[in-house]
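*Asks:* No sequence on hand, only this structure:
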Ligand code: ATP
């Protein structure tokens, strides 16, 4: 029989195991308070200064009205209870109502404006992170898992804005309230005040110890949340494979294990955060006990009125809730700092591929392409392209063929400047792409990748993704050229039909044709087609091949194809192997050469 689990485990309340985690792609250098706070204040808080002023004013009213309460209690005891003064009895209840109403109203304004400040900051910070991700280098993005980035945008930024929100309330309300109450207490009795806060320095030492722990634990909590989001996005993204290989149970276990670890890390954070409460509470007990003892003693000996006694004890009791809030502030602050240390480096991550200061615009009209002794490796020196040179004249159609992994798609990656060559140069219309603006380089070419992506939008919007100002006629014309118009008109809402997530409601061949239409619609003079017809039947493939040679004759077309039938009419064919061009020529010339191409072709014909 399995051992029975205790109803409540002591382990819930203490952090014993330290499950360590390795650094992930978002783990950066620990930023200091001085690096983070001015940055947040300048970029996210100052633009909302009117709301800040409003919320601080409201918090000041809350603090001031709280400070008035001990006085009201004092007057009530002395004037009404002891002196039995009827005039005070008719005034004080109204004063109490007025103070409480003002306090409630101010609290409402403070809470709503503070929530708006935090919410707005969430909008600007998340927007900033998302923009940084969109601008990041492809190489970096491919190394960082999508789930982690998602978790960064949503979870890590919440911690930052949460800490900023709590920070504002703490500064605005708690600090003010503590100061006003301290002033009240000092005014009532200075010696007693010192006696009741004598334990405060001890708490400050304890808080110092908590900071480091908080930072470390928050970091682990966020890393685990990143893993969790990653497991979920991967399982849902690959749901066909999960189902086909019956991996539901394994995926569930992976996620539940991660959830379990997230719980442990979250509990560690909560324990650290919550420890500050009881410590302040205990101090409060000692302080209030001292206050009661000493003021009671003075009351008995006749040096203090009952009203003064009541008023002071009330102030001493009121001062601890805001002190507790201040205690929690520092733990939230260090949680927020841990999050900022992950997020800000992403925002600041300057892409390697960016415009140089003297970058020029390529006004690509002709679409001439030239590779001059280009060598390139995705990982340092492991060359994927080795001394590749070729040129394509405006309006030419050239094709690259060769075994898988030969480096064909890499040529397109360099032409789009998704990556930069280790050595050698890539030219578009005579301009070296690294000396041009990234945007103008990318405008020059329209890419149809191997696995084209469609957005969860209408057919029309997906085609027009390459040119937002395209008219319906232009969209339809591009669809006709890509042999897509007929199947589109058969869809339930024609061009207005939604294609589903990733184009899931369409077949592979239909997706390819929409992607080709999208590329045709763009005004780019160069078309990069990476296996654009792999999922098409022979007839549709023939239609598209003809279009490329007739209607699109003025555009430069660079095409990769495993099906050699697609490329026979190309002006020139480059045969690649091991990152090098080993043969080139027309289909006929290459066949006559009886080399690699001829072998590939005879294999294709035989199969
Ligand atoms: P296929 O016909 O299968 O598409 P290909 O000829 O287009 O192949 P490339 O995609 O250019 O080949 O890849 C060339 C080499 O570069 C391969 O060995 C591949 O593993 C490697 N490679 C491609 N993309 C990356 C990347 N992002 N990071 C690291 N290596 C990569």
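*Replies:* Arrived safely, thanks for sending. What you see is a predicted model, and the numbers here were worked out from it, not measured in a lab.

*Asks:* Would you map the helices across the stretch 301-450 of the chain?
*Replies:* For the stretch 301-450 of the chain, helices defined by DSSP state H, counting those that start in this stretch occupy the ranges 306-348, 408-415, 438-444.

*Asks:* what comes up buried for the last one?
*Replies:* Taking 16 or more other Cβ atoms under 10 Å as the neighbour-count basis, helix 438-444 is seen to contain the buried residues 438, 440-444. In this view, the C-beta of every residue, glycine as well, is placed from N, C-alpha and C.

*Asks:* Quick check: residues of the stretch 351-500 of the chain near the ligand?
*Replies:* 378-379, 384, 404-410 (Cβ under 6 Å from any ligand atom).

*Asks:* Buried among these? Make that a PyMOL selection.
*Replies:* Here is the PyMOL command that selects only those of those that count as buried (16+ other Cβ under 10 Å):
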select buried, resi 384+406+407+408+409+410
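
*Asks:* circling back: worst mean pLDDT among the helices of the stretch 301-450 of the chain?
*Replies:* The weakest mean pLDDT among the helices of the stretch 301-450 of the chain belongs to helix 306-348, with a mean of 82.

*Asks:* Stretch 595-604 and the ligand in contact?
*Replies:* No - Stretch 595-604 lies out of reach of the ligand by Cβ under 6 Å from any ligand atom, never closer than 12.3 Å.

*Asks:* Buried ones in that stretch, by neighbour count?
*Replies:* So for stretch 595-604, counting by 16+ other Cβ under 10 Å, buried means 596-597, 600-601.

*Asks:* ok, the residue nearest to residue 33 when sequence neighbours are not counted - contacts?
*Replies:* With sequence-adjacent residues excluded and distances taken as Cβ to Cβ, 6 or more residues apart in numbering, residue 33 is closest to residue 337, at 6.6 Å. Residues counted as contacts of residue 337 (Cβ atoms under 8 Å, 6 or more residues apart in numbering) are 30-33, 36, 163, 215.

*Asks:* can you check residue 175 too?
*Replies:* Taking Cβ under 8 Å, 6+ apart, we find residue 175 in contact with 322, 326.

*Asks:* Going forward, the N-terminal residue is numbered 137.
*Replies:* All right, first residue 137 from here; so that's residue 311.

*Asks:* How confident was the prediction at it?
*Replies:* pLDDT at residue 311 comes out at 84.

*Asks:* same question, residue 177
*Replies:* For residue 177, the model assigns a pLDDT of 87.

*Asks:* That one - how many residues pack around it?
*Replies:* The tally of other residues near residue 177 (other Cβ atoms under 10 Å) stands at 13.

*Asks:* and if you look at residue 556?
*Replies:* Counted with other Cβ under 10 Å, residue 556 comes out at 14.

*Asks:* Residue 448 now?
*Replies:* 26.

*Asks:* who's in contact with the closest residue to it other than its chain neighbours?
*Replies:* What sits nearest to residue 448 in space, not counting adjacent residues and going by Cβ to Cβ, 6+ apart, is residue 324, at 5.1 Å. Residue 324 sits next to 206, 210, 444, 447-448, 451 when contact means Cβ under 8 Å, 6+ apart.

*Asks:* between these, which has the most around it?
*Replies:* residue 451 (30 neighbours).

*Asks:* For the ligand, see how far away that one is.
*Replies:* 66 Å (Cβ to the nearest ligand atom, to the nearest Å).

*Asks:* And for that residue, nearest residue in space, chain neighbours not counted?
*Replies:* Distances taken as Cβ to Cβ, 6+ apart place residue 206 nearest to residue 451, at 4.0 Å, with adjacent residues excluded.

*Asks:* these two touch, right, that neighbour and residue 450?
*Replies:* Yes - the pair formed by residue 206 and residue 450 meets the contact definition of Cβ atoms under 8 Å, at 4.4 Å.

*Asks:* Bridge partners for residue 709, pull those for me.
*Replies:* Bridge pairing for residue 709 (DSSP bridges) gives the partners residue 535, residue 721.

*Asks:* wait, which of the buried residues of helix 574-580 is closest to residue 621?
*Replies:* Set against residue 621, the nearest of these by Cβ to Cβ is residue 579 (26.2 Å).

*Asks:* Name all residues that make contact with the closest one.
*Replies:* Per Cβ under 8 Å, 6+ apart, neighbours of residue 579: 498, 500, 660.

*Asks:* And for residue 708?
*Replies:* By Cβ under 8 Å, 6+ apart, the contact list for residue 708 reads 528, 532, 534-535, 720-722.

*Asks:* Quick check: the closest residue to residue 489 other than its chain neighbours vs residue 549, distance?
*Replies:* Take residue 489 and drop its neighbours on the chain: the residue closest to it by Cβ to Cβ, 6+ apart is residue 273, 5.5 Å away. According to Cβ to Cβ, to the nearest Å, residue 273 stands 12 Å off from residue 549.

*Asks:* for residue 307, same thing?
*Replies:* From residue 307 to residue 549 the distance is 50 Å (Cβ to Cβ).

*Asks:* on that earlier part again, which two in the contacts of residue 324 are spaced the farthest apart?
*Replies:* Going by Cβ to Cβ, the pair spanning the contacts of residue 324 furthest: 444 and 451, at 10.7 Å.

*Asks:* and residue 149, how many residues sit next to it?
*Replies:* Per other Cβ under 10 Å, the neighbour tally for residue 149 reads 10.

*Asks:* How about residue 376?
*Replies:* 9.

*Asks:* before we move on, what about residue 398?
*Replies:* Using other Cβ under 10 Å, residue 398 has 18 neighbouring residues.

*Asks:* List the contacts of it.
*Replies:* By Cβ under 8 Å, 6+ apart, residue 398 lies in contact with 357, 360-361, 364.

*Asks:* what does residue 513 give?
*Replies:* Contact analysis of residue 513 by Cβ under 8 Å, 6+ apart lists 519-521, 558.

*Asks:* how does it look with 6 Å?
*Replies:* 519-520 (Cβ atoms under 6 Å, 6 or more residues apart in numbering).

*Asks:* how close does it get to residue 719?
*Replies:* Residue 513 is 23 Å from residue 719, by Cβ to Cβ.

*Asks:* Equivalent analysis for residue 611, please.
*Replies:* Distance of residue 611 to residue 719, given as Cβ to Cβ: 40 Å.

*Asks:* Who has more neighbours out of these two?
*Replies:* residue 611 (23 against 18).

*Asks:* Now that one: closest residue in space, sequence neighbours ignored.
*Replies:* Computed as Cβ to Cβ, 6+ apart, the closest residue to residue 611 that is not its neighbour in sequence is residue 599, at 5.1 Å.

*Asks:* Any idea how far stretch 378-393 is from the middle of the chain?
*Replies:* Distance of stretch 378-393 from the chain centroid (Cα atoms, centre = their mean, to the nearest Å) equals 26 Å.

*Asks:* my bad, should have said stretch 472-488
*Replies:* Counting by Cα atoms, centre = their mean, stretch 472-488 comes out at 10 Å from the chain centroid.

*Asks:* The closest residue to residue 639 other than its chain neighbours: what's it in contact with?
*Replies:* Nearest residue to residue 639 in three dimensions, chain neighbours excluded: residue 590, at 3.1 Å (Cβ to Cβ, 6+ apart). Residue 590 makes contacts with 598, 635, 639, 647, as judged by Cβ under 6 Å, 6+ apart.

*Asks:* Show me what from this structure comes close to the ligand.
*Replies:* Going by Cβ under 6 Å from any ligand atom, the residues of the chain near the ligand are 278, 514-515, 520, 540-546.

*Asks:* Let's have the residues you listed in CSV, adding distance to residue 332.
*Replies:* Listed next are the residues of the chain next to the ligand as CSV, based on distance: Cβ to Cβ, whole Å:
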residue, distance to residue 332
278, 60
514, 67
515, 65
520, 73
540, 78
541, 76
542, 80
543, 77
544, 78
545, 73
546, 73
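
*Asks:* For residue 428, state which of the residues you listed is nearest.
*Replies:* When the residues of the chain next to the ligand are compared against residue 428 (criterion: Cβ to Cβ), the nearest one is residue 278, at 66.1 Å.
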